[in-house]
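[1] Sequence plus the predicted model coming up.
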Amino acid sequence: MFLLPNIFLNPFLLVTWVLLGVLPAYYLNKYLLKLVRPKESVLRFLAYLIIVIAFTLLYTSIVIFVLSKTVFSY
């Protein structure tokens with residue numbers, strides 16, 4: 001029988017984890033938009049795109065690692 005982790009049984013915990021995962025990425029994106037200014041040229045847009053893709057891969061890996069060690073550990 002498969003048991004769900006406690007995070008899925010308590011909606012408040014699930015929303016908290018989602019917010020903790022999304023908020024840092026949101027604020028980093030706002031900072032990157034001010035820093036790189038991708039609307040000014042194609043090269044700036046490509047630099048922004050590369051940075052965002054690299055950050056997305058890294059951040060997703062970190063969030064999955066933390067969830068696997070905290071939420072899904074039995």
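    Great, that's in hand. Note that the structure is a prediction, hence the values are computed from the model and not measured. Residues are numbered from 1 along each chain as shown.

[2] only C-alpha atoms for contact and neighbour calcs from this point on.
    Noted.

[3] shaky segments in the chain?
    Filtered on pLDDT under 70, the chain yields the residue ranges 1-8, 73-74.

[4] quick one, helices of it?
    With helices called from DSSP state H, the chain shows them at 6-9, 11-36, 42-70.

[5] Redo the ones you listed as TSV? Include mean neighbour count.
    Output for those, formatted as TSV (neighbours: other CA atoms under 10 Å):
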stretch	mean neighbour count
helix 6-9	12
helix 11-36	13
helix 42-70	13
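
[6] and residue 11, what is it in contact with?
    With contact set as CA atoms under 8 Å, 6 or more residues apart in numbering, residue 11 has no partners.

[7] Now the nearest residue to residue 44 once chain neighbours are set aside. Its backbone dihedrals?
    Setting aside the residues directly before and after it, residue 44 is nearest to residue 38 in space (CA to CA, 6 or more residues apart in numbering), at 4.8 Å. With angles defined as degrees, to the nearest 10, residue 38 sits at phi -70, psi -10.

[8] Fine by me, thanks again.
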